[in-house]
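Chemist: Sequence and predicted structure below; questions after.
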Amino acid sequence: MSETGTAAQGAGGEQRLKRSLGFRDLVVYGLLFIAPMAPVGVFGTLDAKSHGAVALVYVVATIAMAFTAFSYAQMVRVVPQAGSVFAYARVGLGNGAGFVAGWMAMLDYVLIPAVAYLFSGIAMEALVPEVSRWVWTAIAVVVTTLLNLWGVRAAARVGFLVLAMEIVVLLVFVVAAVVVLARDGAERGWLSPLSGDGTQGAFALSAVLGAVSVAVLSYLGFDAIATFAEEVTGGSAKVARALLFCLALAGVLFVAQTYLVALLEPVTSAELAAEPERQGAAFYDAVDASVGTWLHDLVAVSKAIGAAFAALAGQAAAGRLLFAMGRDRRLPKALARTDSGVPRVALLVSAVITMAAAVWAARRDDGLDHLVSVVDVGALTAFTLLHASVVGWFVIRRGGGAPVRWWRHLVVPVLGAAITVAVIVEASRTAQVVGAIWLAVGLAVLAAQARGRRAAGNGTDGGPGRG
């Protein structure tokens, strides 16, 4: 079935995006960006940090991110626009704060796909070592960019097939793990994934919370669902439901797989903490030792393909963010152009930036570390401004004339902001420095735009945005 709908002109001649997405499509994009087996790469690190209570880490992380998902659900009903947190902060806090939120989110949306493409390139190089990882990385960028340029509906269809494959691989792992556990028993205590394995002392809540600061990064991407608000059929309530459903489903998948692999793990958390070089491959090593090499290879292939399509979803979200900021004249106006309802200019710009970052990182031994260190703070800063936007719109501005519901409009966003700020504080020094530099550049751009508007006689910047 072809994509339905036509590109319509909005107020002031602005281009609108084509409405063609349903609830399933939104969930597909969200889960693709997150990746159902996201804990694979960080399992060893989290196991070591949490003293073996890795499943509990994901239980807590899911609850922590639920505050952010709830704030997104509140604001997407107020501002059902493609800009996501850029549009929300603009309405709730003012134009200046909206620009800052969008600017910081760009680190997440533009560079997380580069990380995913690099993961795909690394996995493919391991399977076909004759071809360099940067070549595989570039191929993944080109293929997924072409799908995004084809249209959001077409990309969602292909993404659904890839997501189905990832879910099947995950189910194969679950069944294989259960069979091995039933036949041979667990390497660790049955409750140890929730209480710790005891090899680093008694249960320590501080250790679990320290690991949570890393685990929440596995969830980055579920918020991309909000960037498709202008392309969904049936209203913004469907976007809100998809956000909450996607986070809950991801949480169940993360807890289940980390619980099972922790029971299969023959290496203690103390040994992983003492030998950090073993942490990255801990998930694969546990599967290899307990189930067999065949499952190890199956998971590796799934991760290679899944990472590329996680980047597809991220690139699509980045294109919508650039489109929205261009439409609002916060970035070059050309980014707001659409072709048959598809923001192809914004998508191509996003693809070029992503290609440059991913290929650069793929050609360096330390490229992955550099990329990962810069994306996290941007997303978490944007989340913090999202929570502030809920308070700004509902409590301070009393937007829409609706009564203030103190629990959802004040308590939840304040707790959510406290969580995101705490994670920023726990982030690496490199991430904090890069985030601060990016923020400083954004503030300089904002100041230059404000001077330009004043010089043109268009008034001052910083007033409330339009809904």
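Modeler: The structure has been received and is ready for your questions. None of the values given here were measured: they were computed from a predicted structure. Numbers count the residues shown, from 1 in each chain.
Chemist: where exactly do the strands run in the stretch 251-400 of the chain?
Modeler: Assigned by DSSP state E, counting those that start in this stretch, the strands in the stretch 251-400 of the chain number zero.
Chemist: That one: helices as residue ranges?
Modeler: Under the criterion DSSP state H, counting those that start in this stretch, the stretch 251-400 of the chain contains helices at 269-274, 282-290, 293-327, 344-362, 367-390.
Chemist: now those in TSV, with mean pLDDT and distance to I63?
Modeler: Where you see a C-beta, it was placed from the backbone N, CA and C, and this is true even at glycine. Shown next, in TSV, are the helices of the stretch 251-400 of the chain (pLDDT from 0 to 100; distance: least, CB to CB, whole Å):
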stretch	mean pLDDT	distance to I63
helix 269-274	88	22
helix 282-290	84	23
helix 293-327	79	23
helix 344-362	84	32
helix 367-390	78	15
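Chemist: closest to F70 out of those helices?
Modeler: Nearest of the helices of the stretch 251-400 of the chain to F70, taken as CB to CB: helix 367-390 at 8.8 Å.
Chemist: next one: whichever helix or strand comes after that closest one to chain centre, how far?
Modeler: The element immediately downstream of helix 367-390 (helix or strand, assigned by DSSP states H and E) is helix 406. Helix 406 sits 28 Å away from the centroid of its parent chain (CA atoms, centre = their mean, to the nearest Å).
Chemist: Can I get the helices of the stretch 251-400 of the chain in TSV including mean neighbour count?
Modeler: Listed next are the helices of the stretch 251-400 of the chain as TSV, based on neighbours: other CB atoms under 10 Å:
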stretch	mean neighbour count
helix 269-274	19
helix 282-290	22
helix 293-327	25
helix 344-362	21
helix 367-390	24
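Chemist: now those helices as CSV including distance to E125?
Modeler: Converted to CSV, those look like this (distance: least, CB to CB, whole Å):
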stretch, distance to E125
helix 269-274, 25
helix 282-290, 15
helix 293-327, 9
helix 344-362, 9
helix 367-390, 13
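Chemist: Can you say which of those helices is nearest to T233?
Modeler: Going by CB to CB, the one of the helices of the stretch 251-400 of the chain nearest T233 is helix 293-327, 16.3 Å.
Chemist: Between helix 344-362 and that closest one, find me the angle.
Modeler: For helix 293-327 against helix 344-362, the angle by axes from the mean of the first three to the mean of the last three CA atoms, to 10 degrees is 130 degrees.
Chemist: Now find how far off-centre helix 293-327 is within its chain.
Modeler: Here helix 293-327 is found 10 Å from its chain centre; the criterion is CA atoms, centre = their mean.
Chemist: tell me the angle of that helix relative to helix 282-290?
Modeler: Using the same axes, to 10 degrees: helix 293-327 against helix 282-290 is 160 degrees.
Chemist: Which neighbouring elements make contact with helix 293-327?
Modeler: For helix 293-327, the packing partners by 3 or more CB pairs under 8 Å, 6 or more residues apart in numbering; DSSP states H and E come out as helix 23-34, helix 85-92, helix 95-127, helix 133-150, helix 152-184, helix 282-290, helix 344-362.
Chemist: so where's the stretch 151-300 of the chain uncertain?
Modeler: 152-153 (pLDDT under 70).
Chemist: which ones are touching the spatially most central residue of the chain?
Modeler: The residue lying closest to the centre of the chain (CA atoms, centre = their mean) is G221, at 1.8 Å. For G221, the contacting residues are 30, 33-35, 112, 310, 313-314, 317, by CB atoms under 8 Å, 6 or more residues apart in numbering.
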